[in-house]
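Engineer: Pasting the sequence and the predicted coordinates here, then a few questions.
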Amino acid sequence: MHILSSLWTTSLLLFCTLSISPVWALHESEAGVVDWQKTFIGVPRTDRPQIAPSFLRVKTKEDETTSLVISATERTLGAVNPVDGSIAWRYIFEPLDPILGYYKSGNIIATLSGAGGSVLRVFDSLEGSIIHEKRLHHSQNGQLYSQRSLGVNVAFGAPKTTGGGQKTKDLFVLTNGHTVYRIDGSSGDLIWSWSALEQTSLVILERLTVTDSTIYAIGIAKSYASYTLHVTALSSGTGELLTTQNIPSSIENGSDDFFALSPSTSEDPRLVWIEKGVVKFVGLTPKLTGKPQSLKGSTNTRIVDVGLLEYGLFVVRRADGSASVFKLNQNAIESIWDFVDSANSNKNSDSMYTGAVDKEGNPYVGRMYWSFALQAGVLHVFTPHLLGGKGLVAGYTFPFDTNNDGIIDHYTLDVVNPDGLQVLSRIVVTTTTGAVQLWLEDKVQWTREESLSTVALAEFVELPERKGIQSSIAEGENIIGRVLRHISDAQNFPRYFVGFIKRFATGSYASVSAAISHESGLYRDEFGFKKIIVAATEHGKIFGIDSSNGHVVWSKILGLGSVASVGGVIVPVKMFVVKTVSDGEVPQVVLLAARRGFDDTVNTVAYHINALTGKDEANNSPGKDILQGTVIFPGKPSEAYLLPSKAKTIILLDSTNNVHFYPRTDESIQVFGELAPSLRFSLQTSGRSLHGYQIVQDANDKNTFSTYQTWSLSVPNNELIGSIIRPTQGPIASLGKVLGDRTTLYKYLSPHLFAMTTVSKSSPNAVCSVYLVDGSKGSVIYHASVASTMGTCNIEAVLTENWLVYGYYDEDFAGSHQTKGYRIVSVEVYEGKGINDKTRSSELSSLSNKTLDVHFYERSFETNQPVAALAVTSTKFGMTTKDIIIATKKNQIQSIPRRLLDPRRPKTDPTAQQQEEMLIKYDPVVPADPRLVISHRYEVANVRKIITSPALLESTSLIFTYGLDLFGSRVTPSNTFDVLSESFNKAQLVLTIGGLTVAIIIAKPMVNRKKLKERWFQ
C-alpha cells in the first residue's frame, strides 16, 4: 500500500510539472496549414521619378536577360517577377531611414536614404543582396528640404574592368545638396569627395551628369522671383573644382523645369530647361563657356523626362495639351514626332508619357490616356528607329476597370520588337486604390492589391452555417402529400448512413489542424475557423478576406460622393459589426470614415456593407461596384460607440459633442433614450486633458440629446496624452481567482476602466507614463513612469478584464544589477484591500467611494524582442487561459502563455499551495524559445495591429495581424481540450467496444445457465 501511495505521489508531481510547461502554439505539422501570410512591398510612390516603379533588365548567372519590376515606398525597396507578380526580393528600411530615391544600372541598384541622403546602399538587382553600404554623413547633419528628393542623386561612370576581370561602374553620389562623392564600384571605398564652400539654402545642387573627364553638378539658385540654374564642373578623376557659375535663366518650378541630356560619356551633355514657354538648352563644357539657345515656339508649358535622357529623348507639352518628342541630334535638338490628337479634349483624359528601352538598346516613348468614349485605356508607343529612322506609332486599347481598381496614377512600359514592324508592349500600372497590375497588350496578367499593406481597420465576421437541403412544405398539404415528401427526403438516407458508419469506424472527422475545404463557399466550417475579415485600407478600398487562407473574397471602392468632382480621400475612423448570423440576418458591418475633399470640406460618412458580398445595405450606391456612404454630419467624429443592445445602433459625437445616430430610426432613439442615463464616456479634449461626459435627453424634444461634463483629468505639464487603450470585449468566465488556501482574489471588473499612455514634452530627459483610469469619474487606479528611448515614448499596451500588459524599451536604469533592454510589465488589479475583500466593482455606482478600493500585483519581465503590437487571445466563453500575442520588430509573431507573465509568480520556490495554483518561480527573463513563435518561417513585417476572434471551439482563438504584411493563424492557449487528439486510435476503441459487446452477448446466456444450476443444487 505504501508503494502504491508513493507511485501516486510521483505521478501527481510529474503531471503538475508537465502542466506548468507552456502549451506551444503551433506544431511542426501545422506550419503552413493552419496559418498563412500575404507579403507586400507597399503602395508604390509615384510622385517622383526617382522612386516610381520601373522595368529593369538584368543578366542572370547563365548570362541570360530577364526583367524585373522595381517598386519602392518610403520604407521598402523590392523587385516583382513580371511573369506571375510574385515578390523576387525586398528590403525594408528603418523608420528613421526613408528612401529618397533609387538609381539603376544593369545588375545593380543604388539607393540613398536618410536625412539628406546620409546612407548609400548598392544592391544586387537580381537577388536583392547588399553589395555595399556606406554612411556618407550623420543623419543629424542631413539637410531637410520641402521635397525629400531635393539635393540627392546618383550617377554611374563608364564601365571599368577590375583585377578579377569583372566590369563595374563607379558611383558619383550627391548628398545634402552640396556634397559630391566618388565611390569605387567594386570595393565601395571612397575615392574622393567635394563640398561647396557656400553651403547655404540659396544654392541647391540636384542632379549629376557624368562624362569621361568631367562631372557636372546641376542645381538651382534662389533669386527674387524665380530660380536660376547653377552648374558646378568637377574633375571626374580627382574631384577638383574646374568652374562654377550661374546659367542665365529664369525657371519657376525648380527641378521639374530642367534636366541634362547625356547620350554618351564621350559627348558633351546638354542642359535643357523651359523658361516662360520657351525651351532652351546649353552645351556643358568643363569651362562652362556655352551660350544658351532656344527652340522654336513659345507656347510650351512643360518638359517631360521620360527616362531616356541617355538617348537624348524627351517630351515637350504645349498649352493646348498636345505633345511632341524631341531628340538631341549632334549639336541640335529637334522635334521628331507629334502625337496626334494629344491636345486637351473632353473625350480623353490628360495624357501620361514614359519611356522604355528594349534588350537591343532601342528606345521607345509611350503615351497613355483614358478614353471616355470607349471607356477603356489607350496606349500609343512611338518607335523612333523603325521605317529607316522616321519612326512609327503602334497602339491598342485595354479594358481597365475603373469601378474596381480606381484611376491609373502611373505606368511604366516594357517593349520588344520581335520582327520587322511588329511592336509588342506590356505595362505595369499603379492605381489610386493602391493596385498594381501588369497588362500584356489588352490582357491583364496579374494584380497585386498593395493597398492591403495600408489596412487601417479590420474586424472578424462569423459566417453562416450551411444547412441541409430540405423540401418545402406546401400550403394545405394533406397526409398523402406529407408521406410522399418524407419518402422524397429519405432518398439520401442510405448514403448518409454509410458515411456515418465509415466516419464512426475510421474516425475520419474534420481535424483542427487540417486545411479548411473551400468547396462549400461562404459557409463556416465545423469548428468555426473560417470567417470573413473585413478590412478597410487608407487608399479608399475595403476588402473581404477569407480568414482561413488570406484570399480576397470581394473588394469595393469607397465612393467620394459629392466631392468626386474635385477629388478627395477617405480616412477610416471606426468599424462595427452591426449584424451577425446569431441575429438571424446576413452579417453586416458599418464603416465610419472622414471624407476629406480637396476643396477642404470634411464630412463624417457611414458605409453600410454586407460582409459576405460587399453589397451596399443602405442602397446608396446606384452602381454595383463603388460604395456610396450616408453623410451623418459635417466635420470629423470625435468618438463613436456601438450601443450594448439588440438595436445595434451606432452613437457618434461630433467636434462639439453633439449626439448623432446611425441608423437614425424611432427604435434607435427610443433605445438610446432608455440607456442614456447609464452611459458614460471619456474624450480627449486637448493634449493634456481628458474629460468625462454623460448624456441627457432634452425635456421638450425626446429626439434631442446633449452632453454635459462630469469630470476632468489633466496629466502633468511635461506630458501629453499619447493613446487610449480600451479593454477587449468578451465573456468573463470567472469573477475571481481561487487561491491554494481556498481564499479568493476578486477581479476589478469596472466596465468604465481603460488604459492611457502619455509622452513627455521634455527631451532628452523625457519620461513616459502608463495610467489605468476609472472612466466613470476620472480616478487614476494605477500609474507607472518608464524611461523614454532617445527622448521619445513608444509604449504598446493591451487591457483585458483586470489584466494590463505593456511593453517598452528601457535604456536607463537607476537601480543596481539592472541593464538596458526590452521590458514587458504585467499588472493585475483586484478588488478591495486584500484577499476575500469583495466590492462588486462591476456593479458599483460612479458615486461610490469603493471604486478606489483596489490592490494590484505587478511584475516586470525582460525579453530580447522589441514589441511592435500587443493583443490577447479571445475564446467563445472566456474559460480558456488567455495568452498574450506579441508582434516583434524582428518580424515575428509570438504567443506568450499567461502563466509566464503571471505577476503573482513567487521569487522563491513555490509552496504546495502555490503549486496548486500552477504558479512557477519568478524568472525576470521571458524564454527565447522558438516554439513560442507562431509565425514560424514567415517574416511578418511592420505589424501595426493584432486582432483576435473566438472560434466555435472554446479552446481556439483566431489571430489576424496587419501592417506591411498580413498574417493569419489560430492558437490553442490551453491545448485542444474539447476535441480528441489526432493520434487517438478510434478504430481500436471501436474494435474494443465491439469485442466487449460480442463477449457480453456470448457470456450472458452462460452466466444465466450457471446461476440456474446453482439454484437447483442449493
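Structural biologist: Nice, I can see it. Just so it is clear, the model here is predicted, and its values are computed rather than measured.
Engineer: ok, residue 445 touching residue 429?
Structural biologist: No - between residue 445 and residue 429 there is no contact under CB atoms under 8 Å: 11.6 Å. To be clear about C-beta, it is placed using only N, CA and C from the backbone, and glycine gets the same treatment.
Engineer: the more surrounded of those two?
Structural biologist: residue 429 (25 against 15; other CB atoms under 10 Å).
Engineer: That one: which element?
Structural biologist: strand 422-431 (DSSP states H and E).
Engineer: about what we covered before: what touches both of residue 445 and residue 429?
Structural biologist: 437, 439 (CB atoms under 8 Å, 6 or more residues apart in numbering).
Engineer: And the strands in the stretch 251-400 of the chain?
Structural biologist: All strands of the stretch 251-400 of the chain, identified by DSSP state E, counting those that start in this stretch, fall at 258-261, 270-275, 278-283, 293-294, 300-304, 313-318, 323-329, 332-338, 352-357, 363-371, 376-383, 392-398.
Engineer: Name the strands paired with the first one and say parallel or antiparallel.
Structural biologist: When pairing is defined by DSSP bridges, strand 258-261 lines up against strand 270-275 (antiparallel).
Engineer: what does the fourth one give?
Structural biologist: Each strand that strand 293-294 pairs with, and the sense of that pairing, follows from DSSP bridges: strand 278-283 (antiparallel).
Engineer: now do the fifth one
Structural biologist: For strand 300-304, the pairing partners within the sheet under DSSP bridges are strand 313-318 (antiparallel).
Engineer: which parts of the partner strand are buried?
Structural biologist: 313-318 (16 or more other CB atoms under 10 Å).
Engineer: Now these in a markdown table, please, with extra columns for distance to residue 892.
Structural biologist: Shown next, in a markdown table, are the buried residues of strand 313-318 (distance: CB to CB, whole Å):
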| residue | distance to residue 892 |
| --- | --- |
| 313 | 48 |
| 314 | 48 |
| 315 | 48 |
| 316 | 52 |
| 317 | 50 |
| 318 | 56 |
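Engineer: Closest one to residue 723 out of the residues you listed, please.
Structural biologist: Nearest to residue 723 among the buried residues of strand 313-318: residue 317, at 47.2 Å, using CB to CB.
Engineer: Which residues does the closest one form beta bridges with?
Structural biologist: Applying DSSP bridges to residue 317 gives these bridge partners: residue 302, residue 323.
Engineer: For residue 234, which residues are in contact?
Structural biologist: Per CB under 8 Å, 6+ apart, neighbours of residue 234: 180, 194, 214-217, 240-242.
Engineer: What are the contacting residues of stretch 264-275?
Structural biologist: 157-158, 209-212, 216, 218, 229, 231, 247, 249-251, 257-262, 279-285, 300-303, 310, 312, 314, 328, 333.
Engineer: Quick one: distance of it to the chain centre.
Structural biologist: Stretch 264-275 sits 43 Å away from the centroid of its parent chain (CA atoms, centre = their mean, to the nearest Å).
Engineer: Just the buried residues of it, please?
Structural biologist: Buried, per 16+ other CB under 10 Å, within stretch 264-275: 265, 267-275.
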